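A.B. asks: Predicted coordinates and the sequence they were generated for:
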Amino acid sequence: MRRTSKEPELQGPGHALERLIFFSDAVFAIAITLLIIEVRVPEVHGSRSDHDFLIALAQLSPHFVSFLISFFVIGSFWAGHHRAFDCARHWDPRIVFPNLVMLCTIAAMPFFTALSSEYYGHRVPVAFYCGWMMLAALANIRLQRIITSPPVVGEHVPPEQCLMLRQRGYSVLLGAATSLIVSLFVPWLGQPALATIFLWRLLLQRWKPHL
């Protein structure tokens, strides 16, 4: 039976890319939602006065700090994933496994967030969080290199755009490495040290290495 021109294209490279992107978006959405589920409602004992509730909520401060940091971390990975696949025009089966590896690191973020927030300021939990961030950054760099290289990348995508994407990927890796080193010496500053990602990005933009 001949398909009419009004029927949607259900096969081919475009369809494969769309399925992969939709699946990836779902993993990002679930992971970012699970972050807040790990923040438990506090148990308030005694008279349950206003003071008791404020004290109980204050004790959750590390959990909310970790939630906010991880929320924007996962959000940044999603934004980078979106920008990278915006450059993709051709399907290549080599994308599948690196994309799954990267999504695996994202899916595990709620666990490492809960671990570091439950034992905030302790070296091992925070170091594991920052170390896992490094693994996520490495997986993301590998995926971006495939997407921003032939035959996947679109013929009309400017090389400057591909370079910018790679610079962002490496800045996350360098920021995560910085936070890991900081967490080994000053554990409670490990996660806040992820803010150096922005500084690394500026440095790479000025240096413009061949990535």
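C.D. replies: The structure has been received and is ready for your questions.
A.B. asks: What values do phi and psi take at the nearest residue to residue 67 once chain neighbours are set aside?
C.D. replies: Take residue 67 and drop its neighbours on the chain: the residue closest to it by Cβ to Cβ, 6 or more residues apart in numbering is residue 35, 5.2 Å away. Backbone N, C-alpha and C define where each C-beta goes, glycine included. The phi and psi values for residue 35, taken as degrees, to the nearest 10, are phi -60, psi -50.
A.B. asks: So residue 35 sits against residue 109, correct?
C.D. replies: Yes. Counting by Cβ atoms under 8 Å, residue 35 does reach residue 109; the two are 7.4 Å apart.
A.B. asks: Between those two, which contacts overlap?
C.D. replies: Here residue 35 and residue 109 have 70, 74 as joint contacts, going by Cβ atoms under 8 Å, 6 or more residues apart in numbering.
A.B. asks: Now do the same contact list for the residue nearest to residue 67.
C.D. replies: Per Cβ under 8 Å, 6+ apart, neighbours of residue 35: 67, 70-71, 74, 109-110, 113.
A.B. asks: Mind putting those residues into CSV with pLDDT?
C.D. replies: Conversion of these to CSV gives the following (pLDDT from 0 to 100):
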residue, pLDDT
67, 93
70, 95
71, 96
74, 97
109, 97
110, 96
113, 95
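A.B. asks: Quick check: of these, which lies closest to residue 52?
C.D. replies: residue 67 (22.6 Å; Cβ to Cβ).
A.B. asks: neighbours around the closest one, how many?
C.D. replies: Neighbours of residue 67 under the rule other Cβ atoms under 10 Å: 20.
A.B. asks: Just give the nearest non-adjacent residue to residue 106, would you?
C.D. replies: In space, residue 106 is closest to residue 31, 5.1 Å off (Cβ to Cβ, 6+ apart).
A.B. asks: The one you found contacts residue 74, correct?
C.D. replies: Yes. With contact defined as Cβ under 8 Å, residue 31 and residue 74 form a contacting pair (5.7 Å).
A.B. asks: who touches both of these two?
C.D. replies: Residues touching both residue 31 and residue 74 (Cβ under 8 Å, 6+ apart): 106, 109.
A.B. asks: what about these two, which has more around it?
C.D. replies: Taking other Cβ under 10 Å, residue 31 and residue 74 do not tie; residue 74 has more neighbours (24 against 21).
A.B. asks: helix, strand or coil for the residue nearest to that one when sequence neighbours are not counted?
C.D. replies: Of all residues not flanking residue 74 in the chain, residue 32 sits nearest, at 4.8 Å (Cβ to Cβ, 6+ apart). Following DSSP: H, G, I helix; E, B strand; the rest coil, residue 32 is assigned to helix.
A.B. asks: No more questions from me, cheers.
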